[in-house]
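*Asks:* just coords:
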């Protein structure tokens, strides 16, 4: 499949250096021969990582995909806070915000 800038993709392999896991979704920001530069964000729009990803480690999203939430626990490329950050600590502990 041909991908273009702004296409949403799904990782098919973990990228441990960036703290990313297979199944994470990202948006292609640049297309290069054999790879893509992909931005990965939280559901609230915080950038977690902007990483080069080999073309054979992505797939298109499908009508049968469902979002799954996980808490980011590492500091990524853009300085995303760890779970020690006040705004994420209740979520990391399994508690609702404001409770």
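*Replies:* Noted; the coordinates are in hand. All values derive from a computational prediction rather than experimental measurement. Residues are numbered from 1 along each chain as shown.
*Asks:* can you name the element that comes right after the helix or strand that contains residue 26?
*Replies:* Following DSSP states H and E, the helix or strand that holds residue 26 is strand 25-32. Next in sequence after strand 25-32, counting helices and strands by DSSP H and E, comes strand 35-41.
*Asks:* what's the spacing between the residue nearest the centre of the chain and residue 20?
*Replies:* Taking Cα atoms, centre = their mean, the centroid of the chain lies closest to residue 40, which sits 3.4 Å from it. From residue 40 across to residue 20, the span is 6 Å (Cβ to Cβ, to the nearest Å). Every C-beta, even on glycine, is put in place using the N, C-alpha and C of the backbone.
*Asks:* what touches both of these two?
*Replies:* Common contact partners of residue 40 and residue 20 (Cβ atoms under 8 Å, 6 or more residues apart in numbering): 26, 48-49, 51.
*Asks:* nearest to residue 69, of those residues?
*Replies:* residue 48 (12.9 Å; Cβ to Cβ).
*Asks:* measure how far the helix or strand hosting that closest one is from the centre of its chain, please.
*Replies:* Using DSSP H and E, the element containing residue 48 is strand 47-54. Put simply, strand 47-54 sits 8 Å off its chain's centre (Cα atoms, centre = their mean, to the nearest Å).
*Asks:* which elements pack onto that strand?
*Replies:* strand 25-32, strand 35-41 (3 or more Cβ pairs under 8 Å, 6 or more residues apart in numbering; DSSP states H and E).
*Asks:* how does it look with 7 Å?
*Replies:* Packing partners of strand 47-54 (3 or more Cβ pairs under 7 Å, 6 or more residues apart in numbering; DSSP states H and E): strand 35-41.
*Asks:* buried ones in the strand it packs on, by neighbour count?
*Replies:* Using 16 or more other Cβ atoms under 10 Å as the test for burial, strand 35-41 gives 35-41.
*Asks:* low-confidence regions, this structure specifically.
*Replies:* Within the chain, the segments meeting pLDDT under 70 span 73-99.
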